[in-house]
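>>> Okay, sequence plus prediction incoming.
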Amino acid sequence: MDTMDAQCPWFGMASSAGGLSWREIADLQSGVISERDAIGTGLTRADIRAQLAAGTWRQPARGVLLTTAGPPTWAQRSWVAVLAGGPGAVLGGATAAALDGLAGHDDPVVTVLVPPERRYAPMAGATFRRTARLSPAEVHGTRLPPRTVPARSVIDMAEWSDDRDTARAVIVDAVSQGFVTIDALRRALAARGPITRRTLIGDTVDDLTRRTPRMLERLYRQIEISAALPAGRPLAADSPERPTGRLDVWYGSRRLLVRVGQPGSRRAARPTGRRILDIPTEQLWQAPREVAALVAAALHDHRPHDHPPHEGPPLDGKPLHEHHEAVGEEAVEGDQGVAERSGLP
C-alpha cells in the first residue's frame, strides 16, 4: 500500500460504496472515471476499447477515462489529474483552495500531491508534487475531488509562490476573506515540516495577529490607561479573531466614535451629531502617544457640561490637534449597523 493510502479513506469510495455502476461513479466525478473503477463495476477492457473507438469516451491520461463529449471543464481536468496521480493522490495548493472558495488566486494548472515514491506520467495542464507529510487532518474527509484542507492549501501556495510578496499576499487574502483562521494557519505551518519560507509565513501570520479586533482592543486599552483617558466601549466590527484591522470604540457621553482601521464606505446613515475619529491601524502600535493626543483632543472638544475637562498629562510636549469629522446626517456603510448591534443612540 502506498504511504498515503491509509490516510485517505475516501479514496476509492465511489467504487466500493454499495456496488455503484460506472455511470454513478462517473456522475460523482464530473464524468471522469478510472479504468480500475470502470472494470470494478463489471465492464471489460473490450467494452472500454469499444467506447474509445466510437469516440463516446476519451482517455485524457493513462488509466483515466472521460465519459462526456466536448472540451473538458475545469472540474473534469481536476478529476483527471487526481485520478492520474493514483491511489492516495489529492488536489493541493491553488487548485484545492479554489475549490474551497479562495478568491483571487486561481491557477490554470492543476496541482496534485502524490506519495513520495509514486511514479507518474507527465500530464499537460497538471503539476504533480511528491510529499511525505500529509496527515489525515490535512485532507478533507468527505469533499470531492479529494483535496487538502484550506490551511494546508494556503501554506503550500505561499511556499510555492514565485516571490515573497505573492506569498505574503496569499496569506493575507486567505485570512481577510475568512477562508482560514490564524490558529489554523499556525497548526498547518507546524505540521508542514521543513520549508524554505517558514519564517516569512510565520512573520506574516504574526503581523495579522496584531490586526485582529481583540488585539487592537488590548493595545487601545493600554493607550487609554497610560494617558488617563476615560474608558470607551469597544465595538468589534467583525469576529474578534479575524484580522480586519478594524475596531470601533464608542464614547457615548461625548458622542464620539473612535474608529481604528478601515473606514466604512458611504451608504448607511449616521446618527445626527455623532462624530468620527479615524485612526490608521499601524498608528495604534507605532505612535501610541500620538493616538492618545488625538483622542484626548476629540474628547475635550465635545465634552458635555456635566463632565469635567480631560486633565491628562501632556504627551510628547506637542499641542493637541483634531483629526476627526463633524457629522450630521451623512451616509456611511457600517456605522448604522454597529449602532444597531451595540445599542448606540
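Nice, I can see it.
>>> Which parts of the stretch 51-200 of the chain are helices?
74-84, 93-100, 150-160, 164-176, 182-192, 198-209 (DSSP state H, counting those that start in this stretch).
>>> any idea how far residue 176 is from residue 53?
For residue 176, the distance to residue 53 (CB to CB, to the nearest Å) stands at 52 Å. For the C-beta atoms, the positions are set from N, CA and C on the backbone; glycine is no exception.
>>> Neighbour count for the two, which is higher?
residue 176 (14 against 9; other CB atoms under 10 Å).
>>> With adjacent residues omitted, what lies nearest to residue 186?
residue 205 (6.3 Å; CB to CB, 6 or more residues apart in numbering).
>>> got the contact list for the one you found?
171, 182, 185, 186, 189 (CB atoms under 8 Å, 6 or more residues apart in numbering).
>>> Could you export these as CSV, including neighbour count, distance to residue 299 and pLDDT?
Listed next are those as CSV, based on neighbours: other CB atoms under 10 Å; distance: CB to CB, whole Å; pLDDT from 0 to 100:
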residue, neighbour count, distance to residue 299, pLDDT
171, 27, 37, 94
182, 19, 33, 90
185, 25, 38, 95
186, 16, 38, 94
189, 22, 42, 95
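>>> Quick check: residue 113 touching residue 92?
Yes. Residue 113 is within contact range of residue 92, at 4.2 Å (criterion: CB atoms under 8 Å).
>>> tell me the two of the contacts of residue 205 that are most distant?
Greatest spatial distance in these: 171 and 186, 11.4 Å, computed using CB to CB.
>>> ok, of the contacts of residue 205, which one's closest to residue 292?
The closest of these, once distances to residue 292 are taken by CB to CB, is residue 182, at 27.8 Å.
>>> I figured the closest one was touching residue 175, is that so?
Yes. Counting by CB under 8 Å, residue 175 is a contact partner of residue 182 at 6.3 Å.
>>> Need the overlap of contacts for residue 113 and residue 92.
129, 131, 148.
>>> By neighbours, which of these wins?
Result: residue 148 is most packed of those (other CB under 10 Å), 27 neighbours.
>>> my read: that residue touches residue 94, true?
No. Using CB under 8 Å, residue 148 is not in contact with residue 94, being 10.9 Å away.
>>> which phi and psi does residue 35 have?
phi -60, psi -40 (degrees, to the nearest 10).
>>> Just list the residues touching it, thanks.
Here residue 35 is in contact with 48, 63, 64, 65 (CB under 8 Å, 6+ apart).
>>> So for stretch 103-121, mean pLDDT?
Here stretch 103-121 scores 90 as its mean pLDDT.
>>> What of stretch 248-259?
88.
>>> And that stretch, what's buried?
Neighbour-count burial for stretch 248-259, counted by 16 or more other CB atoms under 10 Å, picks out 248, 249, 250, 251, 254, 255, 256, 257, 258, 259.
>>> got it, and stretch 111-122?
111, 112, 113, 114, 115, 118, 120.
>>> what would the residues you listed look like in CSV with distance to residue 30?
Shown next, in CSV, are the buried residues of stretch 111-122 (distance: CB to CB, whole Å):
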residue, distance to residue 30
111, 17
112, 16
113, 20
114, 20
115, 24
118, 23
120, 21
